[in-house]
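Enquirer: Provide a 3D model corresponding to the input given below.
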Amino acid sequence: MELETTQLIDCTGRATHTLTLMIDGSVRIDVTAGPKVRYFPETGDTDPPHYVLPDSVIAAAHALRFSG
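Expert: Down below sits the predicted model:
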């Protein structure tokens, strides 16, 4: 079940990442030019393990998770 979705847009107006807050508190991140990643804001873990997310995506995931 999804709670909220947002997109990160680059300077050309294209979506680079789609972040979806999941019911368990994790954030599913669909990378436009890459894989689907699950990020767990409370621990900083990713699935697949060791996938490196840009700082801007991590900040957006935290904002999505802890907003409201």
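
Enquirer: where does this protein dip in pLDDT?
Expert: Along the chain, the model assigns pLDDT under 70 to residues 1-2, 68.

Enquirer: one more time with 80
Expert: Low-confidence segments of the chain (pLDDT under 80): 1-2, 66-68.

Enquirer: Just list what whatever helix or strand Ala63 lives in packs against, helices and strands only.
Expert: Assigned by DSSP states H and E, Ala63 belongs to helix 55-66. Identification of packing neighbours for helix 55-66 by 3 or more CB pairs under 8 Å, 6 or more residues apart in numbering; DSSP states H and E yields strand 2-9, strand 15-22, strand 27-31, strand 36-40. C-beta here means a position set from N, CA and C on the backbone, and glycine is covered the same way.

Enquirer: distance between the first one and the chain's centre?
Expert: So the one you mean is strand 2-9. Counting by CA atoms, centre = their mean, to the nearest Å, strand 2-9 is centred 8 Å from the centre of its parent chain.

Enquirer: Then the last one?
Expert: Chain-centre distance of strand 36-40: 6 Å, with CA atoms, centre = their mean.

Enquirer: Distance-wise, check the residue lying farthest from the centre of the chain relative to Glu42.
Expert: Distance from the centre of the chain peaks at Thr12, with 20.0 Å (CA atoms, centre = their mean). From Thr12 across to Glu42, the span is 33 Å (CB to CB, to the nearest Å).

Enquirer: repeat for Ala60
Expert: 16 Å.

Enquirer: picking up where we left off before, can you tell which of the helices and strands packed on helix 55-66 is closest to Tyr51?
Expert: In terms of CB to CB, the element of the helices and strands packed on helix 55-66 nearest to Tyr51 is strand 36-40, at 5.2 Å.

Enquirer: quick revisit: closest one to Ser56 among the helices and strands packed on helix 55-66?
Expert: Nearest to Ser56, of all the helices and strands packed on helix 55-66, is strand 2-9, at 7.0 Å by CB to CB.

Enquirer: Please name every helix or strand in contact with the closest one.
Expert: Where contact means 3+ CB pairs under 8 Å, 6+ apart, strand 2-9 is packed against strand 15-22, helix 55-66.
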